[in-house]
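S.K.: just need the structure, nothing else, for what follows:
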Amino acid sequence: MPVVLDYKHFRKVVIKNLSFTIKIQIRLKMTNIREVLAGNLRKFRQDRGWSQATLAEKTGASPHYIGMLENQNKFPSSEMIQKLASALKIDPTELFSKEIDPQNSVKNSQKAALETVGMAVNRILTKFISDEIQKIDDEDSEKGIIV
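M.R.: From the prediction side, this is the model:
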């Protein structure tokens with residue numbers, strides 16, 4: 001027996017799948033706090049010319065643990081954050097601040113603009129897709145079709 005495809009049902013399925021695909025593609029990547037901490041810890045350590053072993057010695061941790069922090073495999077306790085900051089002679093909040101590199105400021109501005117455009121496009125497409133699905137549902141209900 002041949003399979004008969006209902007065009008409207010097919011169109012509705014395609015529109016829903018398109019909506020899902022667009023949302024996945026536009027979803028913004030959130031910066032991971034471990035990523036920020038790891039990058040800052042490595043930067044501050046290297047700025048002082050220290051090895052992981054040197055920082056470990058100054059904090060009472062093992063070099064392996066410092067490596068795990070810098071590779072985002074571990075997250076330090078509040079006590080260890082204080083020890084790291086103290087050893088590096090920085091405020092603990094500096095381990096979590098995300099600075100904008102002046103060389104990348106144009107790139108960061110462009111990225112922010114694209115993210116804003118992406119969110120606007122996502123809202124517009126979501127509204128359009130929702131309206132299209134509603135039209136199909138209205139047409140089907142007028143004809144007494146239940147999908």
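S.K.: how much space separates Asn32 from Lys98?
M.R.: 11 Å (CB to CB, to the nearest Å). Any C-beta I mention is one placed from the backbone N, CA and C, and that applies to glycine too.
S.K.: where does pLDDT dip in this protein?
M.R.: 1-31, 99-113, 145-147 (pLDDT under 70).
S.K.: domain ranges for it?
M.R.: The chain breaks down into these structural domains: 7-30+104-142, 33-95 (assignment by automatic domain parsing).
S.K.: return the most buried member of the ones you listed.
M.R.: Relative to the other members of these, domain 33-95 carries the highest mean neighbour count by mean count of other CB atoms under 10 Å, namely a mean of 16.
S.K.: over to that domain now: how far is its first residue from its last?
M.R.: Taking CA to CA, to the nearest Å, the span from the opening residue of domain 33-95 to its closing residue is 10 Å.
S.K.: check stretch 38-57 too.
M.R.: Taking CA to CA, stretch 38-57 runs 18 Å from one end to the other.
S.K.: residues touching that stretch, excluding its own?
M.R.: 58, 61-63, 65-67, 69-72, 84, 87-88, 90, 94-97 (CB atoms under 8 Å, 6 or more residues apart in numbering).
S.K.: mind redoing it with 10 Å?
M.R.: 31-32, 58, 61-76, 81, 83-85, 87-90, 94-99 (CB atoms under 10 Å, 6 or more residues apart in numbering).
S.K.: go on, stretch 61-74?
M.R.: 32-43, 45-46, 50-59, 75-76, 80-81, 83-84, 87, 95.
S.K.: mind doing that once more with 8 Å?
M.R.: Outside stretch 61-74, the residues within contact range by CB under 8 Å, 6+ apart are 32, 34-35, 37-38, 41-42, 45, 51-53, 55-56, 59, 75-76, 80, 83.
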